[in-house]
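Trainee: Here is a sequence together with a model predicted from it:
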Amino acid sequence: MGSTIRRWDIVERELLKVGITPSHPSRFVEVGVFKGQFSSHMMSRFPLMEFYGVDPFKSFDQITYRCRRSAAWSQKDWDDVFEKVSHIFSGFGKRAHLIRNTSKKGSVQTPNVIDGVF
């Protein structure tokens with residue numbers, strides 16, 4: 001049985017192809033952090049990566065936000081996820097920035113110059 005390829009493995013491979021290596025300072029934004037798995041992996045593999053995670057961690061109704069996950073979770077569920085992700089980000093020090101906001105509002109809280117968006 002073959003091994004599972006995760007999205008972060010694919011992204012890591014593509015970053016290496018364009019010259020962004022673990023020893024290369026870089027700045028990235030992830031829109032839609034959810035539980036922070038992708039964020040954590042990328043910051044672990046790229047120790048000089050400055051990382052901005054943007055997510056509202058908010059319950060929306062299905063009409064506003066067509067995602068079953070969001071509609072099924074209470075705001076308390078999202079607050080709990082935010083606390084766990086905040087803890088993950090705190091382990092990466094000053095290079096990890098968690099922005100609790102929508103992508104539109106959160107975009108003004110990220111740097112003007114970045115290397116990419118996930």
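Mentor: Sure thing, it's come through.
Trainee: And residue 74, how far from residue 100?
Mentor: In this structure, residue 74 and residue 100 are separated by 17 Å, where distance is defined by Cβ to Cβ, to the nearest Å. The way it works is simple: take the backbone N, C-alpha and C, and place the C-beta from them, glycine included.
Trainee: Neighbour count for those two, which is higher?
Mentor: Counted by other Cβ atoms under 10 Å, residue 74 and residue 100 do not tie: residue 100 has more neighbours, with 19 against 9.
Trainee: can I assume that one is in contact with residue 56?
Mentor: Yes - here residue 100 reaches residue 56: they are 6.5 Å apart, a contact under Cβ atoms under 8 Å.
Trainee: which regions of this structure lie under the pLDDT threshold?
Mentor: Low-confidence regions of the chain, defined here as pLDDT under 70, cover residues 1-2, 61-71.
Trainee: quick one: the helices in it?
Mentor: Per DSSP state H, the chain carries helices over the ranges 7-17, 37-45, 68-72, 75-90, 103-106.
Trainee: Quickly compare these and say which is most buried.
Mentor: Using mean count of other Cβ atoms under 10 Å, the stretch among these with the largest mean neighbour count is helix 37-45, at a mean of 19.
Trainee: Show me what that one is packed against.
Mentor: Secondary structure elements in contact with helix 37-45, counted by 3 or more Cβ pairs under 8 Å, 6 or more residues apart in numbering; DSSP states H and E, are helix 7-17, strand 26-31, strand 49-55, helix 75-90.
Trainee: Output those as a markdown table; include the columns distance to residue 38.
Mentor: Written out in a markdown table, the entries for those read as follows (distance: least, Cβ to Cβ, whole Å):
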| stretch | distance to residue 38 |
| --- | --- |
| helix 7-17 | 5 |
| strand 26-31 | 6 |
| strand 49-55 | 9 |
| helix 75-90 | 11 |
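Trainee: Quick one: closest of the ones you listed to residue 118.
Mentor: With Cβ to Cβ as the criterion, residue 118 lies closest to strand 26-31 of the helices and strands packed on helix 37-45, at 4.3 Å.
Trainee: hey, C-alpha coordinates of that closest one in PDB?
Mentor: What follows is strand 26-31, C-alpha atoms only, in PDB (Å, rounded to 0.1, in the frame of the first residue of the first chain):
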ATOM      1  CA  SER A  26      10.500  34.100   3.300                       C
ATOM      2  CA  ARG A  27       7.100  35.500   4.200                       C
ATOM      3  CA  PHE A  28       3.800  33.700   3.500                       C
ATOM      4  CA  VAL A  29       0.100  34.100   4.200                       C
ATOM      5  CA  GLU A  30      -2.300  31.200   4.700                       C
ATOM      6  CA  VAL A  31      -5.900  32.100   4.300                       C
END
